[in-house]
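Chemist: sequence-free structure coming up:
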């Protein structure tokens, strides 16, 4: 069976635009784009603190994330640096799509999703209907021993609607049809999450 542990690499760089709120409230745009990849929360804070220190408004202390790239819908204006760092690391690691599926589809907290992303198993393909049907057929073949199929000569009489079988697996929650960042796949162990 072509189900495998999901291993993909992300292509997007993760960046945030941290803005000085004292400047913003005075009609001045002051902020900095910060590359997040490979940085921890302390390093992110150091860069924001440097941006605040260079603010045209003396004593500026408050900031917000006014823009971001590479994070999808996973962060917001007031996301913590700890959360931003965890998400960036997961999105640029080997299980980026699995992580996104867990957070965006299953609603899992980023820290837990980062820990469990390696457990997600996938079945790849282009057309979702054919993908589910192919998985259902491979699952049937795997679950019924070849010697039993041959001994009872079942193949000539096996008229299974594989599209319907695949649809039932998706509807029943045994597998999940996913389309994340333009990648289409089935999560074959979806009921574990």
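Modeler: Sure, I can see it. What you see is a predicted model; the values in this text were computed from it and never measured. Residues are numbered from 1 along each chain as shown.

Chemist: Which of the helices or strands spans the nearest residue to residue 57 once chain neighbours are set aside?
Modeler: Once flanking residues are discounted, residue 57 sits nearest to residue 22: 4.0 Å by Cβ to Cβ, 6 or more residues apart in numbering. Using the backbone N, CA and C atoms, a C-beta is placed for each residue, glycine as well. Here residue 22 sits within helix 21-25, counting by DSSP states H and E.

Chemist: which residues sit against the longest helix that the chain contains?
Modeler: Looking across the chain with DSSP state H, the single longest helix is helix 128-143. Residues from elsewhere that reach helix 128-143 (Cβ atoms under 8 Å, 6 or more residues apart in numbering): 1-3, 123-125, 160, 162-163, 165-170, 175, 177, 179, 184-186, 188.

Chemist: Which of the residues you listed fall in strands?
Modeler: 123-124, 177, 179, 184-186 (DSSP state E).

Chemist: which residues of this structure fall in helices?
Modeler: All helices of the chain, identified by DSSP H, fall at 21-25, 41-53, 81-91, 96-100, 110-116, 128-143, 146-151, 162-171.

Chemist: Make a markdown table out of these and add distance to residue 15 and mean neighbour count.
Modeler: Converted to a markdown table, these look like this (distance: least, Cβ to Cβ, whole Å; neighbours: other Cβ atoms under 10 Å):
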| stretch | distance to residue 15 | mean neighbour count |
| --- | --- | --- |
| helix 21-25 | 19 | 17 |
| helix 41-53 | 11 | 15 |
| helix 81-91 | 9 | 22 |
| helix 96-100 | 16 | 27 |
| helix 110-116 | 17 | 18 |
| helix 128-143 | 32 | 17 |
| helix 146-151 | 52 | 10 |
| helix 162-171 | 35 | 16 |
